[in-house]
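Q: make a model of this:
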Amino acid sequence: MDFSFDGFSDLPVPRFESMLKTNEIYFFDATEFEEIGQYYIDMGSLQMAKKAIEVGLGQHPESTELTLLLVEYYILKNSYNDALLLLDNLLTLEPYNAFAYQHLAVIQSKRNQHQEAIESLKKGLTLSSDKYEFHSLLAMEYLYLDEFFMAKEFFIKCLEEDITDNHALYNIIYCFESLKDADGAITYMNAFLDSDPYNEVAWHQLGRQYLSKKMYDQAITAFDFAIICDDTFIGAYLELGKSLEQLGRYNEAINYYEITLGIDDPTAFALLRIGECHLNLGNEVLAIKYIKKAIHEDPLLDKGWLALCEYFMRKNAYAKVLHYIKKAVKIDNTHVHYWRLYAQANKALGFWDEANVAFERLVNLGNYEVQTWLDWAGILLQLQEYSSGIKALRQGIEFHPENGQLHYMLAGFYMMQANASEASFFLKNAYAINPKDLDVFFETFPSSKTQHLVKDTLSIS
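A: Numbering: from 1, shown residues only. Below you'll find the predicted structure:
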């Protein structure tokens, strides 16, 4: 067994394990026991860690470090009451022990007592010469409370203490974004880059902020610098491609997307973007080739399925739309856009029953747009399912009471059922809302133009 690892003497561990095997008593100083216990904790061997800590406390009962290590063990075992008992005793003896407050805060945080954890960390912060860990933990506690401004301030302190802490850098940007303060993020990142001009993560994040503000030229410059700092930074190439797309520079965008394919395994996102760029350039055969590659790379890529189906929808190739959208629905049968395309393709092909199922599914998924109700009603009219049409349209009117088209359509359905009173009622409503749609009503229900009910209701000749 190889016990060597960075920054740790491998001698105490085999001596300790030899002691356990022989039942002999070896002496270790408290620091060695702390190293042994920490080693087992890091290795995930919690039972061995506990054994080492208990033997260590037997030889060094006054060791604060071993007591805190035992607290850490109890926290890892979710034995919070045992840990708190040790901490209470320790803080009684050592009320100025910063790390005791740190462990106390960890327990409070795990119990969702985040405000209490913050108070404990603030106490520990005043007692510790090593501020970084406390600043980091305070930042996370504020994040748990969605107090993004305070979280940002403490992450900034972390970065001031360790300029290489990219974790803090990402979290600072996350906080700015949560505060919807892109300008603040841009100002901060530019200032940070004055002190660390070769930080590719900072340039990348600055570019993302410019991109969010549609400042495409500035975004391109930032992503260029990120690539100069690290020419294998795939994220920067992808964002640069997106920025170039926004400016209509599709060939350049394709070039950067293709670079990512050579750096690492192809990503579905890059393949899809290449396909979309070729569509914009009119290279339809290449476009479909790349979009299909993207779907093959990631069958769950909804934008890939949508791009493919929308392309064939624009070409009126409804059979192909159905072919691909059926595959998409099998992967995710709760995707509203899939069902809309499925419904539209079936409607275009005259597959009324399938279209009816699709529109009903759309509504059940929470798609309450006016056009959904109108299209569905049109399908039910084709199927002569007047009762179902009335039920659907009345539901639609609940969501859109001021939409004249829905009232006209409902009036027509009641006419088809020879329900004169309801037909007259909804026809009056429809005409009051929008008299201009009367011609559409006549086109949808041709027989209504000669009916006395319409003339009497609207007083027209």
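Q: how much space separates the nearest residue to S18 once chain neighbours are set aside from E94?
A: Excluding its sequence neighbours, the residue lying closest to S18 (Cβ to Cβ, 6 or more residues apart in numbering) is Y26, at 7.6 Å. In this view, the C-beta of every residue, glycine as well, is placed from N, C-alpha and C. The spacing between Y26 and E94, counted by Cβ to Cβ, to the nearest Å, is 29 Å.
Q: and L381, what element?
A: Using DSSP states H and E, the element containing L381 is helix 370-382.
Q: check which element follows the helix-or-strand element of the chain with minimal mean pLDDT along the chain.
A: Across the helices and strands of the chain, mean confidence by mean pLDDT, DSSP states H and E is lowest for helix 12-22: a mean of 77. The helix or strand immediately downstream of helix 12-22 is helix 30-43, counting by DSSP H and E.
Q: just the pLDDT for L145.
A: L145 is assigned 96 on the pLDDT scale.
Q: and it, its phi and psi?
A: Phi and psi for L145, reported as degrees, to the nearest 10, are phi -90, psi 0.
Q: that one and E116 touch, don't they?
A: No: using Cβ atoms under 8 Å, L145 is not in contact with E116, being 11.6 Å away.
Q: what about the two, which has more around it?
A: In this view L145 and E116 are compared by other Cβ atoms under 10 Å, and E116 has more residues nearby, 16 against 13.
Q: contact partners for the more buried one?
A: A105, Q108 (Cβ atoms under 8 Å, 6 or more residues apart in numbering).
Q: can we see that at 6 Å?
A: Taking Cβ atoms under 6 Å, 6 or more residues apart in numbering as the criterion, E116 is in contact with Q108.
Q: geometric centre of the chain: which residue is closest?
A: Y174 (12.4 Å; Cα atoms, centre = their mean).
Q: now do the same for that one: its pLDDT.
A: 96.
Q: going forward, begin numbering at 877 instead of 1
A: From this message on, residue numbering opens at 877, which makes the last subject Y1050.
Q: helix, strand or coil for T1333?
A: helix (DSSP: H, G, I helix; E, B strand; the rest coil).
Q: does it really touch L1303, like I thought?
A: Yes: with contact defined as Cβ atoms under 6 Å, T1333 reaches L1303; the gap is 5.1 Å.
Q: more neighbours: which of the two?
A: The residue with more neighbours, out of T1333 and L1303, is L1303; 24 against 18, by other Cβ under 10 Å.
Q: now the helices for the stretch 1177-1326 of the chain?
A: In the stretch 1177-1326 of the chain, the helices defined using DSSP state H, counting those that start in this stretch lie at 1178-1190, 1194-1207, 1212-1225, 1228-1240, 1246-1258, 1262-1275, 1280-1292, 1296-1309, 1314-1320.
Q: also the stretch 877-1026 of the chain?
A: In the stretch 877-1026 of the chain, the segments counted as helices under DSSP H, counting those that start in this stretch are 888-898, 906-919, 922-935, 940-952, 956-969, 974-986, 990-1003, 1008-1020, 1024-1037.
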